[in-house]
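> Would you be able to build a 3D model of this:
(chains A and B)
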Amino acid sequence: MRIRDNLISAMVLNAEEITKIYGKGQNAFVALDRVSLKVKRGESVAITGKSGSGKSTLMHVLAALDRTNSGSISFADEKYENLSAGKLDRLRGQKFGFIFQQFFLNGRETVLENVMLPLKIAGVKASVRKKRALEALAEVDLTDKANNKATDLSGGQKQRVAIARALVNDPEIIFADEPTGNLDSENGARVIDLMFNLNKKHGITLVIVTHDDDLAKRCKRLLFMKDGQLSEGKKS
Amino acid sequence: MRLWDLVVTANRNLTRSKLRTLLTILAIFVGGFTLTLTTALNTGASQYLQRQLGNASVPGVFEVLPKTDLNPFATGVQKYDPNKKAGSLQNALTASMDQSDVDKLSKVQGVDTVSPYYTLQPEYISVDGGDKYQITTLSQNYGLNLDLASGRLLKDNDKDSAILSEEYLQPLGLNAQNAVGRQINIGYKNTHGKLAEKKITVVGVMRKTFIVQNQVFVDVDTAKELADAQGQGSRYMVVFVKFANVNDQTDEGALKERLQSAGNYTAVSIKERIGTIVTIVGAVTASLSVVGIIALLAASFGIINTLLMSVYERTKEVGLMKALGMHRRTVFGVFAIEAALVGFWGSVIAVLAAAGVSELINQYATANFLKDFEGFTLLVVDPAVAAFVILLIMLIAFLAGTLPAIKASRLDPIEALRSE
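Numbers count the residues shown, from 1 in each chain, chains lettered A, B, ... in the order given. Model prediction:
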């Protein structure tokens, strides 16, 4: 019994036979074709593949941003299909962090306000928000930029702010969609270092969709998507 | 998300496109300004009417007239019916009631006094040794609570007493203070067409009203004496009936029913009469308010437009917030509250501006066309009414905001984040 409990708790994401179809009838496009995937706590997983292979769709359904047509996904024993839209929102807000290729910072607001956004959405008190956002900014070494407008930062700095934002709610998983896609190699390397530092230091699970070989190589597991089907890649 | 954060966020979003927000607020302002001014006019006029007519203070007083079923447009000759007082057009318009009606009405349960309303035809008013002036309206006291400048109201047992409208003071060489207690003369022609004078004492001075001009009220005995001398003492157009033991809470409908079933009568209470005037004023200002409401409806389309543009511009931001766990309801809230805030700022500015403009108009009006109506404040911005206007406009704005807000709440986060 005990061994089984440990096994389950070690499993953070579990997708079974998930299928996602866009469109209907003759125009139907199978983006995910009976994909199964288990991700263990603290793992780092890279999902690679050509554009249109379904890797972004996989990440979206794993992150509860999108629903599947069939199959089952669960996070820490909670099956998505049993959760209401509101509960899924809360799950994303409390357990997940997101990093996007285009950063998605609000340029009009300060760096600090951008980092505080997930806490504001979660209804955290203003004083606590500020304290935790400053801690997160310290992790990405941008404390001195806290009161700058986000629009005044360089691309690398913006993505580090985005990492701080993904980190601020103390998530269990960070989903990253091409996090280095808009960065030069020097800034990309720094962002990669930061992410794996979080993985090591806080045990945050990483699920990363990427084209970037340098990034993929750093992950413990390499997955390959092709025509909606997932295969375990080889580490070179 | 906390409500306060929601309001702060929505308010800050308003400042993103300042010109656009300003123009939308301006549209709301126009409607709110109009609405506040028309309600202020209504409040001002109502307050003045209430004060002048003393609406609440004369419960249980009715004027009773013969019921007329005469149809001036009817064709053919109708059969004579002795019970129908107003059987002819002349009778309907002149005095057709007599002592038998007074007796009948006196027997109605609960009636205190029944006073015929005499028809008086005065010639002039004067003080001894002074010039003679025309009397526009001379009538007997029937319990109206008049707006007095000095002195007192007439009582039931007064004799040879009068209340003068203050218009007479200056021509007669009096003022509000020394007029009380002074003797004046009422000139009239007797049944033989000869001029006669009746001396009476002023007990009170009433303020000018815009309803009746140059009014003189006399006590009932004096009225009867004058009417008798003029041969009008036994026929009356109207009879006033006063019930005993009545107050503001008394159901006048039941009393009215009692009077009307005593004979072929129509009874109208003083409260009803005054109510009719107040209703007319209300109807006029209400129709003006419609203009304000229409302006607000037009402005609400402006709000819809502004917010729809805002939703399109903020698609990515909304997508991100939803991805980061913001509920649909909260997204709806951000936009709907933003709309309500447009209404709030627009209406607050409108109410403040209307209050300022009212003040200016009042100053001008009091110095010019309302100079003769002491105590008439044309525009009164009542804080409670102003608060109601603000809430109403916020509600309209909120409702206008629901359409864009629903659109925003339904944005698919993936689509929204993908959009370039």
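> To what extent is the residue of the stretch 251-400 of chain B found nearest chain A buried, counted in neighbours?
Using CB to the nearest CB, the single residue of the stretch 251-400 of chain B nearest to chain A is B:Gly325, 2.1 Å away. Every residue, glycine included, has its C-beta placed from N, CA and C. Neighbour count for B:Gly325, taken as other CB atoms under 10 Å in any protein chain shown: 24.
> close enough to count as contact, it and A:Ala85?
No - between B:Gly325 and A:Ala85 there is no contact under CB atoms under 8 Å: 11.3 Å.
> Tell me which stretches of chain A form helices.
Taking DSSP state H as the test, the helices found in chain A are A:2-10, A:55-62, A:85-95, A:111-121, A:126-139, A:155-167, A:185-202, A:213-218.
> Mind listing residues that contact the longest one?
So the one you mean is helix A:185-202. For helix A:185-202, contacts defined as CB atoms under 8 Å, 6 or more residues apart in numbering or on different chains pick out A:42, A:44, A:99, A:139-140, A:154-156, A:159-160, A:163, A:167, A:170, A:174, A:176, A:179-180, A:183, A:204-206, A:208, A:212, A:214-215, A:218.
> Only the buried residues of that helix, if you could.
For helix A:185-202, a neighbour-count test (16 or more other CB atoms under 10 Å in any protein chain shown) marks A:Asn187, A:Gly188, A:Arg190, A:Val191, A:Ile192, A:Leu194, A:Met195, A:Phe196, A:Leu198, A:Asn199 as buried.
> How far does it sit from its chain's centre?
Put simply, helix A:185-202 sits 14 Å off its chain's centre (CA atoms, centre = their mean, to the nearest Å).
> pLDDT weak spots in chain B?
B:52-57, B:68-76, B:78, B:81-95, B:142-145, B:210-212, B:372-374, B:419-420 (pLDDT under 70).
> Spell out which parts of it neighbour chain A.
Within chain B, the positions near chain A by CB under 8 Å from any CB of the partner chain are B:1-2, B:5, B:9, B:16, B:316-317, B:320-328, B:330, B:413-414, B:417.
> now with 10 Å?
Residues of chain B lying close to chain A (CB under 10 Å from any CB of the partner chain) are B:1-6, B:8-9, B:12-13, B:15-16, B:314, B:316-317, B:319-330, B:412-415, B:417-418, B:420.
> Inside helices: which ones of the residues you listed?
By the criterion of DSSP H, membership of those in helices covers B:3-6, B:8-9, B:12-13, B:316-317, B:319-323, B:328-330, B:413-415, B:417-418.
> Enumerate every residue touching B:Phe33.
Counting by CB atoms under 10 Å, 6 or more residues apart in numbering or on different chains, B:Phe33 touches B:Gly292, B:Ala295, B:Gly346, B:Ser347, B:Ile349, B:Ala350, B:Val351, B:Leu352, B:Ala353, B:Ala354, B:Val357, B:Val389.
> Equivalent analysis for B:Arg235, please.
Shown in contact with B:Arg235 (CB under 10 Å, 6+ apart): B:Thr94, B:Ala95, B:Ser96, B:Met97, B:Asp98, B:Gln99, B:Pro116, B:Tyr118, B:Thr119, B:Ala227.
> Got the phi and psi for the closest residue to the fourth one other than its chain neighbours?
Among residues not flanking B:Met97 along the chain, B:Tyr236 sits closest, at 4.7 Å (CB to CB, 6 or more residues apart in numbering or on different chains). Dihedral angles phi and psi of B:Tyr236 (degrees, to the nearest 10) take the values phi -130, psi 150.
> pretty sure B:Tyr236 contacts B:Asp101?
Yes - with contacts counted by CB atoms under 10 Å, B:Tyr236 reaches B:Asp101, the gap being 7.9 Å.
> contacting residues for A:Leu142?
Contact analysis of A:Leu142 by CB under 10 Å, 6+ apart lists A:Val111, A:Leu112, A:Val115, A:Ala136, A:Asn148, A:Leu153, A:Gln157, A:Lys158, A:Arg160, A:Val161, A:Ile163, A:Ala164.
> Mind picking the two most distant members of the residues you listed?
For the contacts of A:Leu142, the farthest-apart pair by CB to CB is A:Asn148 and A:Ile163; their separation is 16.4 Å.
> who has more neighbours, these two?
A:Ile163 (27 against 15).
> what's that one in contact with, if anything?
Contacts for A:Ile163 (CB under 10 Å, 6+ apart) come out as A:97, A:99, A:103, A:115, A:136-137, A:139-140, A:142, A:174, A:176, A:179, A:191, A:194-195, A:197-198.
> Repeat that for B:Leu14.
B:Leu14 sits next to B:Arg20, B:Thr21, B:Leu22, B:Thr24, B:Ile25, B:Thr306, B:Ser310, B:Glu338, B:Ala339, B:Leu341, B:Val342, B:Trp345 when contact means CB under 10 Å, 6+ apart.
> Repeat the analysis, applying 8 Å as the threshold.
Applying CB under 8 Å, 6+ apart, the residues contacting B:Leu14 are B:Thr21, B:Glu338, B:Leu341, B:Val342, B:Trp345.
> What separation is there between it and chain A?
Note on B:Leu14: its distance to chain A, by CB to the nearest CB, to the nearest Å, is 13 Å.
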